[in-house]
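Build me a model from this:
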Amino acid sequence: MQFLSKTVLKKFINKEISSVGFDESYVSHAVKKHSFLSIKIFNVTPSQASIIKQTALSCDCDCAVNRGVIDCSIDFSNCVLSGTIAQLSNVAKKLEGQPFSLAKLSSKIQEQIEFYQKDTPRTKIVGILNLTPNSFSDGGEFVEIDKAINHAIDMIEQGATIIDIGAQSTKPKADLVSVVYEIEKVVPIVTALKTAYPHIEISVDTMTLSCAKAAIDAGADIINDVSFLNNPEFINLCKEHDKKLVIMHSRGNSYTMDDLTSYENVVDEVYQELSEKIELATSLGMPKENIIVDVGFGFAKTTEQNFMLLKRIKEFKSLGFPILAGVSRKRFLQDVINTKEPKDADIQTVLATSWLIQNEIEYVRVHNVELSNQALKFNDRLYTF
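Next comes the predicted model:
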């Protein structure tokens, strides 16, 4: 007898289990046995690692640890714990009674399981509105208020549900405009758009607290802090006014960031540095539901590092917060086709955007809204039936 087999994708496992005639009342429980998850645990002691390993084996899953754990020849080890959702839940339960603070790890494992199982809403398109004369992509095109408003309206009609407004260029070696200039450009646009389109969320991309305050007073819904919380007062401002805050990873400033690309593991280090800033924000009382994270494509990262972050972007969902990804026309996409003209990279941008949508990233920040909306509609059709 010849057997036929195929792989079932995670997105469809629920439907496939139901289709074989399985008891419908038990499907949600059965799915846990068919969903496989690997969790990386950072910097545990050899004693902790040994207990985690043995607990994993007792639950029919596994945990990879450094070979030095056996003879305690190392001080710390990372671990990769792998198993089905059902098995990992058992591991978490067993760790509750273990020593060396492993009860805290138990709750972290359960938290990762919850993040993994959480349904992600449809990706939102964030349209970029640059009001600065020296932006890397469309600098000077929308400096005049009428042109800026008309462009924002075009993006809304093309499918943007958020408009991200900025009057300060963040490209490498860019000269900063004055705070006065920034406020004079941003505030009238925020006011006009919130009046005409109250259902549209307005984000303001800024590094200055004064501009953020003025934008909120004008009606902005989101503050996109591209300084990586260099000024913690951004947290207090957004908390006080109940506004969303984008925490974007970066190092240095526009003049130094290209010299700060030294990472042993860019994915892990960006993850850990974001985690530290999230902890700062929550410790100061920032509501978790108002935090959005951004890995900061192009900010203190090489082309290879940007592609690695893009390739593994879904791992950042383990932080437990919505992700905003801004890859549009970035230099690493220009490098693919060997061009210095940002607008030439629109096709590469829509390909990257499609990847982000497939990886269930909540927000994509783009210049060409029309192309990105086509990618979003295409993805909708893939999962309609």
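
pretty sure residue 130 is touching residue 163, no?
No: assessed by C-beta atoms under 8 Å, residue 130 is found out of contact with residue 163, at 11.3 Å. Every residue, glycine included, has its C-beta placed from N, CA and C.

So if I had to pick from these two, which one is more boxed in?
A count of neighbours by other C-beta atoms under 10 Å puts residue 163 above the other of residue 130 and residue 163, at 29 against 26.

list the contacts for the more buried one?
Neighbouring residues of residue 163 by C-beta atoms under 8 Å, 6 or more residues apart in numbering: 126, 127, 129, 152, 155, 156, 193, 200, 201, 202, 203.

Spatially nearest residue to residue 87 (excluding sequence neighbours)?
Closest residue to residue 87 in three dimensions, ignoring its sequence neighbours and counting by C-beta to C-beta, 6 or more residues apart in numbering: residue 61, at 4.2 Å.

before we move on, what about residue 314?
Among residues not flanking residue 314 along the chain, residue 359 sits closest, at 4.3 Å (C-beta to C-beta, 6+ apart).

Spatially central residue for the chain, please.
residue 323 (2.6 Å; C-alpha atoms, centre = their mean).

What are the phi and psi values at that one?
When read as degrees, to the nearest 10, the backbone of residue 323 gives phi -110, psi 130.

contacting residues around it?
Here residue 323 is in contact with 292, 293, 294, 295, 313, 316, 317, 361, 362, 363 (C-beta under 8 Å, 6+ apart).

how about the strands in the stretch 151-300 of the chain?
Counting by DSSP state E, counting those that start in this stretch, the stretch 151-300 of the chain has strands at residues 162-166, 201-206, 222-225, 244-248, 291-294.

Now the last one - C-alpha only, PDB.
These are the backbone C-alpha positions of strand 291-294, laid out as PDB (Å, rounded to 0.1, in the frame of the first residue of the first chain):
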ATOM      1  CA  ILE A 291       3.000  50.400  23.800                       C
ATOM      2  CA  ILE A 292       4.100  49.600  20.300                       C
ATOM      3  CA  VAL A 293       7.600  48.400  19.500                       C
ATOM      4  CA  ASP A 294       9.800  49.000  16.400                       C
END
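
list the helices and strands the helix or strand just after it packs on?
Heading C-terminal from strand 291-294, the first helix or strand you meet, by DSSP states H and E, is helix 303-311. Judged by 3 or more C-beta pairs under 8 Å, 6 or more residues apart in numbering; DSSP states H and E, helix 303-311 is in contact with helix 266-283, helix 331-334, helix 346-358.

Pick the most deeply packed of those.
The highest mean neighbour count among the helices and strands packed on helix 303-311, using mean count of other C-beta atoms under 10 Å, belongs to helix 331-334: a mean of 22.

starting at the chain centroid, how far to that helix?
Taking C-alpha atoms, centre = their mean, to the nearest Å, one finds helix 331-334 lying 19 Å from the centre of the chain it belongs to.

just stretch 267-277 next, same as before
Here the centre of stretch 267-277 is set off from its chain's centre by 11 Å, with C-alpha atoms, centre = their mean.

who's in contact with it?
With C-beta under 8 Å, 6+ apart as the test, stretch 267-277 has contacts from 40, 42, 228-229, 247, 249, 263, 293, 295-296, 308-309, 312, 315-316, 318-319.

how about 6 Å then?
The contact list for stretch 267-277, computed with C-beta atoms under 6 Å, 6 or more residues apart in numbering, reads 229, 247, 249, 263, 293, 295, 312.

Could you do stretch 238-251 as well?
For stretch 238-251, using C-beta under 6 Å, 6+ apart, the contacting residues are 216, 222-224, 226, 228, 257, 260, 270, 274, 277, 285-286, 290, 292-296, 299-300, 324.

ok, residue 24 to residue 31 distance?
Distance of residue 24 to residue 31, given as C-beta to C-beta, to the nearest Å: 12 Å.

Of the two, give the one with the bigger neighbour count.
A count of neighbours by other C-beta under 10 Å puts residue 31 above the other of residue 24 and residue 31, at 19 against 9.

Would you mind listing the buried residues in whatever helix or strand the more buried one lives in?
Element membership for residue 31 (DSSP H and E) is helix 27-34. Of the residues in helix 27-34, 30, 31, 32 count as buried by neighbour count, 16 or more other C-beta atoms under 10 Å.

quick one on the thing from earlier: turn the strands of the stretch 151-300 of the chain into JSON lines, including mean pLDDT and distance to residue 89.
Shown next, in JSON lines, are the strands of the stretch 151-300 of the chain (pLDDT from 0 to 100; distance: least, C-beta to C-beta, whole Å):
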{"stretch": "strand 162-166", "mean pLDDT": "96", "distance to residue 89": "36"}
{"stretch": "strand 201-206", "mean pLDDT": "96", "distance to residue 89": "36"}
{"stretch": "strand 222-225", "mean pLDDT": "96", "distance to residue 89": "35"}
{"stretch": "strand 244-248", "mean pLDDT": "98", "distance to residue 89": "30"}
{"stretch": "strand 291-294", "mean pLDDT": "98", "distance to residue 89": "26"}
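
closest one to residue 116 among those strands?
Taking C-beta to C-beta as the criterion, residue 116 comes closest to strand 291-294 out of these, the separation being 16.9 Å.
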